[in-house]
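Trainee: A structural model of the following input is requested.
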Amino acid sequence: MGPHAAGSLASLLEVCRAHLGETTTGTEAQLLLRTRQRVNPALNASGLTASCDVAVPLNCLSDMFAEIQDLSRAHNLQVNTFAHAGDGNLHPSVAVPHDDPRMLQVAEQLLDRITEAALALGGVISGEHGIGSLKRHHLDAQFAGATRSLQLQLKNCLDPNRILTPGRGV
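Mentor: Next up, the predicted model:
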């Protein structure tokens with residue numbers, strides 16, 4: 001976070017404490033971690049989960065959560081979001097019935113809008129899971145033409161036969 005990290009951390013802790021946030025003991029931290037690890041299996045049990053990961057600057061987290069809530073209402077779908085709040089990485093997930101391809105398409109469109117909202121807040125289209133084939137259509141929105149061109153030129157130098165990760169973003 002740079003030279004102002006200590007001040008930013010102090011401000012963040014102050015806000016957390018003002019809203020009932022607190023530090024945890026080792027035992028409490030382990031319980032929170034186990035709970036976090038059980039989120040995805042629980043969401044998957046409720047239906048086919050369409051999900052993505054995006055990241056935004058820390059000072060935009062509350063704006064991003066508000067955007068997700070607004071988009072959720074606009075699409076009339078529940079979006080469950082868990083996050084690595086310390087680095088701005090969010091994991092929005094939408095559960096849809098296993099046997100409804102139309103609702104899966106609507107969920108994917110909602111996740112596209114969430115990704116666009118992250119970009120609008122100065123974030124990125126993937127915080128940790130990479131681009132692959134699912135977010136390839138967002139690459140040009142994140143990277144300027146010269147950057148994309150350089151990425152593709154490097155890929156062609158390293159993989160002239162295009163056998164590595166075919167159909168992926170780079």
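Trainee: all helices of the protein, in order?
Mentor: 5-18, 26-37, 39-45, 61-75, 101-120, 139-142, 145-158 (DSSP state H).
Trainee: go through those and pick out the most buried.
Mentor: Stretch with highest mean neighbour count among the helices of the chain: helix 101-120 (a mean of 18; mean count of other C-beta atoms under 10 Å). Placement of C-beta: from N, CA and C, glycine included.
Trainee: got the angle for that helix vs helix 61-75?
Mentor: Per axes from the mean of the first three to the mean of the last three C-alpha atoms, to 10 degrees, the angle that helix 101-120 makes with helix 61-75 is 150 degrees.
Trainee: hang on, the earlier thing: nearest to Leu90, of the helices of the chain?
Mentor: Ranking these by proximity to Leu90 (C-beta to C-beta) places helix 61-75 first, at 6.3 Å.
Trainee: output the contacting helices and strands for the closest one.
Mentor: On a contact count with 3 or more C-beta pairs under 8 Å, 6 or more residues apart in numbering; DSSP states H and E, helix 61-75 meets strand 80-84, strand 89-96, helix 101-120.
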